[in-house]
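Take this sequence and fold it.
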Amino acid sequence: MPVLNEVAYLERAIATVLAQDVPGPTELVLALGPSTDGTTELARRLAANDPRIVLVDNPGADIPLGLNLAISASRLPTVLRVDAHSELSPGYARRALSTLARTRAANVGGVMRADGRSPFQRAVARAYNSPIGLGGGAYHGGTQEGPAESAYLGVMRRDVLEEVGLFDESIRRGEDWELNLRIRRAGYRVWFDPELAVTYWPRESWTRLARQFRATGAWRGELVRRYGRRNSVRFFAPPALVVVIAAAVLIAVLQATHVLHGWGAAVASLVYVPLALYVVLVLVVAAGRGGGRGWRDKLWTMAVLPTMHLSWGAGFLRGVLTGAHDTVDTSRLGDRNTPLP
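From the prediction side, this is the model:
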């Protein structure tokens, strides 16, 4: 479990991990980043009361580096990746071990069930759980068990992890997708089991959500630069939306200044059609069950969906065109570089 500035979530996350009932020994290795909110002190208190908790320092704070440090400090043959912003459902580990054995997979993952405590966070959670929000990946609500492109968090065979080389420390976001690509290239299965469920708590504010999705989009763009067509088509929808909006603004200016007129202006107006369809889609989702119950929920849904799509799309375009470079997720603490998801 990589950890950074999670004082409000860490204790509950750890409790759900240590409550897992499995037929064998367990340990929980926390890779502690340079937290400033009391998270490290809390982790030390919890470790002092339970010998199963092992602490390692992750001064660089990067997720893949922390994961590799934690895996290297562990000693057991199965590795469960867990997140300080998540909670495992009862029976998660036992079911995952059973699925690993039954399917002979190298990595098994389940459904990420986002939840929220505030109206805004609940709106983000609804977007996470909707195919309109994050594009319909299996772990965002799939119901059909079977081989998968990637796995949320993941329950992995240690020998396969070591064979393919652990996480790529040059990738700050999307490191799980890249690892699963190498696992599949090595001839092993990645498996989705919808009976596995993890509760995930999204960002709590609008600006933090935008920063998170911008960084995530930039690294997806970087992965497209590196791996091209191996990326799913659904990743290209948000950047296409950004391009359409930019084109619509440009055409509107040209029409308003009469640079474009007559048939040229009429043909160029076709760019407004996909934009109008997108607006209608957001309104329909917000007005329906996916938008929540009251008017406040529906207004937050109308704000959250474009924020996620446009932030991710803008980041993606930057990542594709110039590379992600040192882009990090600054959404954990003010303007500080805090690249945890």
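
can you list the weak-confidence ranges in the stretch 151-300 of the chain?
229-230 (pLDDT under 70).

residue ranges of the strands in it, please?
Taking DSSP state E, counting those that start in this stretch as the test, the strands found in the stretch 151-300 of the chain are 155-157, 190-200.

what lines up beside the shortest one in the sheet?
In this case it means strand 155-157. strand 78-80 (antiparallel), strand 107-114 (antiparallel) (DSSP bridges).

Same list (those) but as JSON lines, adding distance to Y128 and mean pLDDT.
The C-beta positions use only the backbone N, C-alpha and C, and glycine is treated the same way. Converted to JSON lines, those look like this (distance: least, CB to CB, whole Å; pLDDT from 0 to 100):
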{"stretch": "strand 78-80", "distance to Y128": "21", "mean pLDDT": "97"}
{"stretch": "strand 107-114", "distance to Y128": "4", "mean pLDDT": "94"}
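
Dump the ones you listed into a markdown table; add mean neighbour count as well.
Converted to a markdown table, the strands paired with strand 155-157 look like this (neighbours: other CB atoms under 10 Å):
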| stretch | mean neighbour count |
| --- | --- |
| strand 78-80 | 21 |
| strand 107-114 | 25 |
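
re earlier: can you tell me which of the strands of the stretch 151-300 of the chain comes nearest to I245?
Taking CB to CB, strand 190-200 is the member of these nearest to I245, at 28.8 Å.

That closest one: how far from the chain's middle?
Taking CA atoms, centre = their mean, to the nearest Å, one finds strand 190-200 lying 14 Å from the centre of the chain it belongs to.

What pairs with it, parallel or antiparallel?
Counting by DSSP bridges, strand 190-200 is paired with strand 86-88 (antiparallel), strand 107-114 (parallel), strand 146-147 (antiparallel).

Keeping just the C-alphas, turn that strand into CSV.
The C-alpha trace of strand 190-200 is given here as CSV (Å, rounded to 0.1, in the frame of the first residue of the first chain):
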residue,chain,number,x,y,z
VAL,A,190,-5.0,-11.1,-16.5
TRP,A,191,-8.4,-11.9,-15.2
PHE,A,192,-11.5,-9.9,-14.2
ASP,A,193,-13.8,-11.3,-11.5
PRO,A,194,-16.9,-9.2,-10.8
GLU,A,195,-17.4,-10.9,-7.5
LEU,A,196,-14.4,-9.0,-6.2
ALA,A,197,-15.3,-5.5,-5.0
VAL,A,198,-13.2,-2.6,-3.6
THR,A,199,-14.7,0.7,-2.3
TYR,A,200,-12.8,3.7,-3.6
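
now the helices for this structure?
Along the chain, the segments classed as helices by DSSP state H run 10-18, 39-48, 63-73, 92-103, 119-129, 131-134, 158-164, 175-185, 206-227, 237-256, 262-268, 272-287, 295-322.

Tell me which of the ones you listed sits nearest to Y200.
helix 119-129 (7.1 Å).

Could you dump the strands of the stretch 151-300 of the chain into TSV and include mean neighbour count and distance to R225?
TSV is the format used below for the strands of the stretch 151-300 of the chain (neighbours: other CB atoms under 10 Å; distance: least, CB to CB, whole Å):
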stretch	mean neighbour count	distance to R225
strand 155-157	24	26
strand 190-200	21	23
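
Among those, which comes closest to S130?
strand 190-200 (13.9 Å).

The closest one to helix 92-103, inter-axis angle?
170 degrees (axes from the mean of the first three to the mean of the last three CA atoms, to 10 degrees).

returning to that earlier point: any chance of the strands paired with strand 190-200 in TSV, plus distance to N49?
Below are the strands paired with strand 190-200 laid out as TSV (distance: least, CB to CB, whole Å):
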stretch	distance to N49
strand 86-88	20
strand 107-114	29
strand 146-147	41
